[in-house]
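>>> Have a look at this fold, sequence not included:
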């Protein structure tokens, strides 16, 4: 770059700026990240029974190629469903606490 007189302009080198996030702000961002990823994680976990080996095997087969029993698959799906509900409840509790902290820290609010 050149200045108005055509001479090259020299600028002092800038020191790299460090990004500082408050602990509370960092936790909020991570909480939001978890909330965004939870539906994707849930969908992937609910699709796992489709990948279990032996899905097309003959019933009554034994050994490593034996199909997963339906009771095991239903138990797995129910467990994932319950874990997603528990995760959503934890996220909701964290979001409520985070909202209450924001209301208390804002001056001028009644």
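Sure thing, it's come through. This is a predicted model, so every value here is computed, not measured.
>>> top helix in this structure by residue count?
helix 70-105 (DSSP state H).
>>> got the buried residues for that one?
73, 76, 80, 84, 94 (16 or more other C-beta atoms under 10 Å). No exception for glycine: its C-beta is placed from N, CA and C like everyone else's.
>>> Can you pick out the most distant pair from those?
73 and 94 (31.7 Å; C-beta to C-beta).
>>> any idea how far residue 47 lies from residue 27?
30 Å (C-beta to C-beta, to the nearest Å).
>>> before we move on, the earlier item: and the buried residues of helix 70-105 as JSON lines, adding distance to residue 13?
Shown next, in JSON lines, are those (distance: C-beta to C-beta, whole Å):
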{"residue": "73", "distance to residue 13": "62"}
{"residue": "76", "distance to residue 13": "58"}
{"residue": "80", "distance to residue 13": "53"}
{"residue": "84", "distance to residue 13": "51"}
{"residue": "94", "distance to residue 13": "42"}
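>>> Kindly reformat the residues you listed as CSV and extend each row with distance to residue 35 and pLDDT.
Listed next are the buried residues of helix 70-105 as CSV, based on distance: C-beta to C-beta, whole Å; pLDDT from 0 to 100:
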residue, distance to residue 35, pLDDT
73, 28, 89
76, 24, 94
80, 17, 96
84, 12, 94
94, 9, 82
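>>> Show the secondary-structure elements that the longest helix of the chain is packed against.
In terms of contacts (3 or more C-beta pairs under 8 Å, 6 or more residues apart in numbering; DSSP states H and E), helix 70-105 is packed against helix 23-47.
>>> Run the angle between the helix it packs on and helix 70-105 for me.
160 degrees (axes from the mean of the first three to the mean of the last three C-alpha atoms, to 10 degrees).
>>> I'd like to know which elements helix 23-47 is packed against.
helix 70-105.
>>> ok, the nearest residue to residue 48 once chain neighbours are set aside to residue 69 distance?
Spatial nearest neighbour of residue 48, chain neighbours left out: residue 76 (7.2 Å); criterion: C-beta to C-beta, 6 or more residues apart in numbering. Using C-beta to C-beta, residue 76 is found at 11 Å from residue 69.
>>> And for residue 38?
29 Å.
>>> Those two: which has the busier surroundings?
Between residue 38 and residue 69, counted using other C-beta atoms under 10 Å, the more crowded position is residue 38 (14 against 10).
>>> Right, I'll leave it there.
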